[in-house]
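In: Generate coordinates for the sequence data below:
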Amino acid sequence: MANYIAAIDQGTTSSRCMIFNHAGEPVSSHQLEHEQIYPKPGWVEHDAVEIWSRTEEVIRTAMKKVELSATDIAAIGVTNQRETTVVWDKKTGQPYYNAIVWQDTRTDRICNELMGDVGQDRLREKTGLPLATYFSGPKISWILDNVAGVRQAAERGDALFGTMDSWIIWKLTGVHVTDVTNASRTMLMDLESCDWDDEILELMNIPRQMLPSIRPSSDPEIYGETSTDGPFSGVIPVCGDLGDQQAATVGQTCFDIGEAKNTYGTGCFMLLNTGTEIVQSKNGLLTTPCYKFGNEPTVYALEGSIAIAGAVVQWLRDQLQLIEHAEEIEALAFSVEDNGGMYFVPAFSGLFAPYWKSNARGAIVGMTRYVTRGHFARAALEAVAYQTREILDAMEADSGVKLQALKVDGGMVANELLMQYQAHVLGVPVTRPKVAESTALGAAYAAGLAVEFWKNTAEMRQNWGIDKTWHPSEEDTARTANYRMWKKAVTRTFDWIE
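Out: Purely as a prediction, here's the structure:
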């Protein structure tokens, strides 16, 4: 009997497989990192073949840990790093080029040319997005124009484009699909119709035949099935697909208008459910589909996207070798009482929301000889909290809704210093759920809903429970004086690249 749902979570730094029971509890998990490739300053790539190999391994290991077979799994859901772009040969299955990661800034010139005389918001009404290097469309254009033979292959119908969900689902099933949440992040999809927009495709000179079919996030008709010679060693329906931040929103059961969550992963992403209404932001946020379940109307969200959150800890570990393991950052930050007057703006890939300045670069300001390794660690964590405050301010201005509490998830929520400081900076309680890895759970929910493993969203809500809540202090230095200095530090990063 199929008592479990499997979720494949293909993230920016790692891939994992998690298996959940009906209570939404993880019963098995395995995770592996993959290489981060930096060919030039501002360029970030992944090897899609390596990612698939890691995905196969985590699936087999997660299944083996609890001795499950394909007959134990009712359905599979996929969630993924959004915007990361891969183009592959449908005949050979080989990518023409490394996947270009969402953090990559090489398409800055393309974006500037697309702006023309209209500016950054040229496509915002249709797509909900500003013209920025973050999104997939310009990355596709770059590959078509710079990798030999790809445009000809695309025009013949041999080259397929996908974000990482499409790549994983294609490798699992041989079907070329995506869902509304991932399609919306290409800058090629019309928000209202949830279909590819021919005018934008012509503007970016992208052949429509290379794009995947857009399907619901939870699809009772299923996308396809796994094969007996695949990593699951059996036939299982694949029927759930959500971009990672939308998946976390579903995993946090934010199904009502006005409910919000913040995910602390490689980047940091806050989503606010706006229901079936498309709310265009006037304060630097993105308008995006939140999810689409079967034939029900698409539910939308406002999103604040931050490029660098957990990645700053990885940078301190790998590039500066300030720590040996990511978990050490909390103890090191606790070794000092405050940031020592130092503010760290990790604009390594430019600034995302609410500024959208691709020509910004990272800055560390306010240093004196008093500063130690501990102050570096503390300033890095505080930067995550300040960036989130900027998003929340914009979200409240756009929606008119005053947030009463913030649901949080992702790898960084294990850091209690960060979570407590986040509550201080926001001035509202911060709540961590019992299952902190909501992204994988959301993908599982989407798949399980499609096969009626969970009957409805009410059943999912019953699974959600609080693990811990952090409350803000009465003292407001973090959300006044310190935040004011942070805003000043951010201005020092503007227009660094000329």
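
In: Double-check Ile364 against Ala347; I have them as touching.
Out: No - applying CB atoms under 8 Å as the test, Ile364 and Ala347 come out as separate, 10.9 Å apart. C-beta: built from backbone N, CA, C; applies to glycine.

In: Give the residue from these two that has the larger number of neighbours.
Out: For Ile364 and Ala347, the more surrounded residue by other CB atoms under 10 Å is Ala347, and the numbers stand at 24 against 17.

In: residue contacts, Gly362?
Out: Gly362 sits next to 344-348, 493 when contact means CB atoms under 8 Å, 6 or more residues apart in numbering.

In: Also Thr287?
Out: By CB under 8 Å, 6+ apart, the contact list for Thr287 reads 124, 128-129, 191, 278-281, 300-303.

In: rewinding a little: looking at the contacts of Gly362, which one is closest to Met460?
Out: Met460 lies nearest to Pro346 out of these, by CB to CB, at 34.2 Å.

In: Can you tell me the number of residues neighbouring the closest one?
Out: 24.

In: on contacts alone, who are the packing partners of the longest helix anywhere in the chain?
Out: If you go by DSSP state H, the chain has its longest helix at helix 373-399. Packing contacts for helix 373-399, counted by 3 or more CB pairs under 8 Å, 6 or more residues apart in numbering; DSSP states H and E, involve strand 260-264, strand 268-275, strand 299-306, helix 310-318, helix 328-334, strand 343-345, helix 416-426, helix 481-491.

In: list the buried ones in that helix?
Out: 374-392, 394-395, 398-399 (16 or more other CB atoms under 10 Å).

In: Now stretch 334-348: average pLDDT?
Out: Stretch 334-348 carries an average pLDDT of 92.

In: Same question for stretch 393-412.
Out: 86.

In: Next: stretch 426-441.
Out: In this model, stretch 426-441 has a mean pLDDT of 89.

In: then that stretch to PDB, C-alphas only?
Out: Output of stretch 426-441 as PDB, limited to C-alpha atoms (Å, rounded to 0.1, in the frame of the first residue of the first chain):
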ATOM      1  CA  LEU A 426      10.800  43.400  12.500                       C
ATOM      2  CA  GLY A 427       9.000  44.100  15.800                       C
ATOM      3  CA  VAL A 428       6.700  41.100  15.400                       C
ATOM      4  CA  PRO A 429       7.000  37.400  16.600                       C
ATOM      5  CA  VAL A 430       8.900  35.000  14.400                       C
ATOM      6  CA  THR A 431       7.500  31.400  14.300                       C
ATOM      7  CA  ARG A 432       9.300  28.300  13.200                       C
ATOM      8  CA  PRO A 433       7.100  25.200  12.400                       C
ATOM      9  CA  LYS A 434       7.800  21.700  13.500                       C
ATOM     10  CA  VAL A 435       8.800  20.800  10.000                       C
ATOM     11  CA  ALA A 436      11.300  23.600   9.200                       C
ATOM     12  CA  GLU A 437      12.000  22.300   5.700                       C
ATOM     13  CA  SER A 438       8.700  23.500   4.300                       C
ATOM     14  CA  THR A 439      10.000  23.600   0.700                       C
ATOM     15  CA  ALA A 440      10.100  19.800   0.300                       C
ATOM     16  CA  LEU A 441       6.900  19.400   2.200                       C
END
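
In: roughly how far out does that stretch sit from the chain middle?
Out: Distance of stretch 426-441 from the chain centroid (CA atoms, centre = their mean, to the nearest Å) equals 15 Å.

In: Stretch 425-439 too?
Out: Using CA atoms, centre = their mean, the mean C-alpha position of stretch 425-439 is found 17 Å from that of the whole chain.

In: And stretch 278-298, by the same measure?
Out: Mean C-alpha position of stretch 278-298 versus that of the full chain (CA atoms, centre = their mean) differs by 15 Å.

In: Could I get the buried residue list for it?
Out: 279, 281, 283-293, 298.

In: Return the closest of those residues with respect to Asp256.
Out: Nearest to Asp256 among the buried residues of stretch 278-298 is Cys290, at 11.3 Å by CB to CB.

In: Helix or strand: which one has that closest one?
Out: strand 286-291 (DSSP states H and E).

In: okay, that strand in CSV with CA atoms only?
Out: Listed next in CSV are the C-alpha coordinates belonging to strand 286-291 (Å, rounded to 0.1, in the frame of the first residue of the first chain):
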residue,chain,number,x,y,z
LEU,A,286,7.4,40.9,-7.7
THR,A,287,3.9,39.7,-8.6
THR,A,288,3.9,36.0,-9.1
PRO,A,289,1.6,32.9,-9.1
CYS,A,290,1.6,31.3,-5.6
TYR,A,291,0.1,28.0,-6.8
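
In: Averaged pLDDT, that strand. What do you get?
Out: Mean predicted confidence for strand 286-291 is 95.

In: what do you get for stretch 21-29?
Out: Stretch 21-29 comes out with an average pLDDT of 94.

In: which residues are contacting it?
Out: Contacts for stretch 21-29 (CB under 8 Å, 6+ apart): 3-4, 16-20, 62-63, 65-66, 68, 435, 437, 440-441, 444-445, 453-454, 460, 463-464.

In: ok, now which ones touch Ala12?
Out: To be clear, residue 12 is Thr; Ala isn't right here. 81, 84, 101-103, 265-267, 311.

In: Give me the three-state assignment for Arg122.
Out: coil (DSSP: H, G, I helix; E, B strand; the rest coil).

In: can I assume it is in contact with Leu114?
Out: Yes - between Arg122 and Leu114 there is a contact under CB under 8 Å: 6.7 Å.

In: so what sits against both of the two?
Out: Residues touching both Arg122 and Leu114 (CB under 8 Å, 6+ apart): Leu131.

In: For Gly157, which non-adjacent residue is closest in space?
Out: Of all residues not flanking Gly157 in the chain, Gln209 sits nearest, at 4.9 Å (CB to CB, 6 or more residues apart in numbering).

In: Verify the stated contact: that neighbour with Phe161.
Out: No - the pair Gln209 / Phe161 is not scored as a contact, 9.8 Å apart, by CB under 8 Å.

In: before we move on, the earlier item: next, the angle strand 260-264 makes with the longest helix of the chain.
Out: Counting by axes from the mean of the first three to the mean of the last three CA atoms, to 10 degrees, helix 373-399 points 150 degrees away from the direction of strand 260-264.
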